[in-house]
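S.K.: Fold the following for me, if possible:
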Amino acid sequence: MENRLRRRMGGLAVAGVLLAGAGAMQAPASAAGLSYVWQNDANGWVAIYSAPNTGTTPHHWSKSGTKFAMNCWLDNQGQRWFWGQIYDTGSWKYVRASQVRDQISVRAC
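M.R.: The predicted structure is shown next:
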């Protein structure tokens, strides 16, 4: 009886560890919350880039307040950039960190 109880409890402990580990494997930014792009100047548009480089022409411009699902970050040319999905086009692009509001914790790219 005691051995059967130990086996059963050991199996429950392993199942608990597996379930706890499954949550840690999720993508960090996918369901944690949404951020948005923001520009404080009068025009209210934010440059969205295909590459993290302000020397390139923006891929497109998004209106301030557009949802942005942050996925990861990187530092390039002395600036921090976030890579994620911009919701007005559905595309995955780069945005300067200074233009992202309600930032969430994400991993490095």
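S.K.: Contact partners for Arg96?
M.R.: By Cβ atoms under 8 Å, 6 or more residues apart in numbering, Arg96 lies in contact with Ala47, Thr54, Gln79, Arg80, Trp81, Phe82. Yep, even glycine has a C-beta here, placed from its N, CA and C like the rest.
S.K.: Measure how buried the second one is and give me the count.
M.R.: When you say that, I think you mean Thr54. Using other Cβ atoms under 10 Å, Thr54 has 14 neighbouring residues.
S.K.: The fourth one too?
M.R.: Neighbouring residues of Arg80 were enumerated by other Cβ under 10 Å; the total is 14.
S.K.: in the helix or strand harbouring it, what counts as buried?
M.R.: Per DSSP states H and E, Arg80 falls inside strand 79-86. Buried residues in strand 79-86, counted by 16 or more other Cβ atoms under 10 Å: Trp81, Phe82, Trp83, Gly84, Gln85, Ile86.
S.K.: what helix or strand does the nearest residue to the first one once chain neighbours are set aside sit in?
M.R.: Put plainly, it is Trp81. Spatially, and ignoring its direct neighbours in sequence, Trp81 is nearest to Pro52 (4.0 Å; Cβ to Cβ, 6 or more residues apart in numbering). Assigned by DSSP H and E, Pro52 belongs to neither a helix nor a strand.
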